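Asker: Provided below are the primary sequence and the corresponding predicted coordinates.
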Amino acid sequence: MSDATERPGSGPGPEPDAWARACAEDLAAENARRRAGEAGERPGSAAEELRKLVDAVADKVAGLQLPLAGAAAQGAVSHFVDRAKAAVEPVIERNPEVFDHLASAGSELLAAYRAAVQGHERRWASGGTGAPHRPGPDGGDQGPGGTEHIDLD
């Protein structure tokens, strides 16, 4: 055995701030990765993103090998994908702004739903008027519990 292993206090010990240094390195690497992602390709319009999705699905389907179904099924799938792509392309070309509006509407609907649910959860958690109450055996209130239908109207 060496002297360093025989005497516990004699050798160089672990670096006292190693954990803090490792965390700082990880944080710097994560920030650099995010900056690189932000400087990279930004999402396009909804129409462009739909076109990319259609192309990606078509490429994926074209690359599938269907061993059980054989060449006839592969041809039928490719034909179906080509026809679907041909049907979608003119719609995207003629009406690209429609897809932007649909994307906005979907985001707004999601935000409205989220606001309704969060408001209800806050009232329920605080025991406010939105909290469901269970009647006790004597007809009195046992407090919050059970489930309640969330009315979004």
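Answerer: Here it is on my side, so go on. Not measured: the values here are computed from a predicted model.
Asker: which other helices and strands contact the helix or strand hosting R123?
Answerer: Here R123, judged by DSSP states H and E, is contained in helix 96-126. If you count contacts as 3 or more CB pairs under 8 Å, 6 or more residues apart in numbering; DSSP states H and E, helix 96-126 packs onto helix 46-63. (Glycine included, C-beta is placed from N, CA and C.)
Asker: contacts for the helix or strand just after the helix it packs on, please.
Answerer: Heading C-terminal from helix 46-63, the first helix or strand you meet, by DSSP H and E, is helix 70-94. Contacts with helix 70-94, where a contact means CB atoms under 8 Å, 6 or more residues apart in numbering, come from 47, 50-51, 54-55, 57-58, 61-62, 64-66, 99.
Asker: specify the local secondary structure of P16.
Answerer: Of the three states, P16 takes coil under DSSP: H, G, I helix; E, B strand; the rest coil.
Asker: do you know the pLDDT at it?
Answerer: What the model reports as pLDDT for P16 is 74.
Asker: tell me how far it lies from H101.
Answerer: Distance of P16 to H101, given as CB to CB, to the nearest Å: 58 Å.
Asker: could you check which of those two has the larger neighbour count?
Answerer: H101 (11 against 8; other CB atoms under 10 Å).
Asker: roughly how far does that one sit from N95?
Answerer: 9 Å.
Asker: cool, and E49?
Answerer: With distances taken as CB to CB, E49 is found 15 Å from N95.
Asker: make a PyMOL selection of the buried ones in the contacts of helix 70-94.
Answerer: Buried members of the contacts of helix 70-94 can be picked out in PyMOL with the line below, counting by 16 or more other CB atoms under 10 Å:
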select buried, resi 47+50+51+54+58+99
